[in-house]
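# Take a look and give me a structure for this.
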Amino acid sequence: MGIIALVTLSVAQAGCSGPFNCPAPEVTVDPSVHTETAPIERELQPLGGVLEVHWWEWTESGRCDFNIGDLILLREGMARIAPADVGRLALLTTSDAAELPDPDSRLSSWLPSAPHWRSGTGLDWRDGEEDAFGSASYWLDPASGVVYFLSDADYDPPATPTASPA
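You can find the predicted model right below:
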């Protein structure tokens with residue numbers, strides 16, 4: 001590495017005490033469970049007809065090296081989809097029961113009873129480039145028509161309706 005590159009790297013990392021110890025971002029995200037679809041339309045679009053949705057969001061720090069202060073916005077939720085879309089989505093999953101991540105307790109009342117979760121890479125979704133991405137993983141319970149989802153995206157507080165800089 002050249003001297004200029006090393007100096008640039010040292011200056012860029014001055015706000016961090018190490019590559020895994022980033023300063024805590026000061027961002028306010030509404031921690032309540034939401035039911036509106038507008039802020040999460042990108043995540044819901046691959047599902048088709050959404051009849052009902054319950055979701056919440058939080059932020060996490062991204063890498064603390066060349067992109068100091070980058071934030072990732074994470075969303076978790078449950079969506080009930082139209083019966084016509086259940087079959088289409090089931091074709092994109094594997095037949096094996098998929099292990100569901102541990103959902104937040106605020107969403108537990110919308111979990112189906114005795115679900116048989118299905119997932120697969122054909123059902124997952126990704127949009128955008130490295131510096132402006134959004135992606136989601138979905139788990140489908142065909143019997144109830146409920147989809148559990150986890151999504152993440154580059155985070156820009158002024159552009160996100162449910163959050164704002166502190």
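# Could I get the full set of helices for the protein?
3-12, 41-44, 83-90 (DSSP state H).
# Identify the residues contacting the shortest one?
Contacts made with helix 41-44 from outside it, assessed by C-beta atoms under 8 Å, 6 or more residues apart in numbering, are listed as 37, 50, 53, 75, 77, 79, 125, 127, 134, 136, 149, 151, 153. In this view, the C-beta of every residue, glycine as well, is placed from N, C-alpha and C.
# pLDDT (mean, whole number) over that helix?
In this model, helix 41-44 has a mean pLDDT of 89.
# Equivalent analysis for the first one, please.
Throughout helix 3-12, pLDDT has a mean value of 38.
# How about the last one?
Taken as a whole, helix 83-90 has an average pLDDT of 94.
# Tell me how far residue 153 lies from residue 87.
Using C-beta to C-beta, to the nearest Å, we find residue 153 at a distance of 28 Å from residue 87.
# OK, contacts around residue 86?
Contacts of residue 86 (C-beta under 8 Å, 6+ apart): 140, 142, 145.
# and the residues you listed as TSV, adding neighbour count, pLDDT and distance to residue 57?
As requested, the contacts of residue 86 are arranged in TSV below (neighbours: other C-beta atoms under 10 Å; pLDDT from 0 to 100; distance: C-beta to C-beta, whole Å):
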residue	neighbour count	pLDDT	distance to residue 57
140	28	94	21
142	16	94	27
145	20	97	23
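# Among those, which one sits closest to residue 112?
Nearest to residue 112 out of the contacts of residue 86 is residue 145 (C-beta to C-beta; 8.6 Å).
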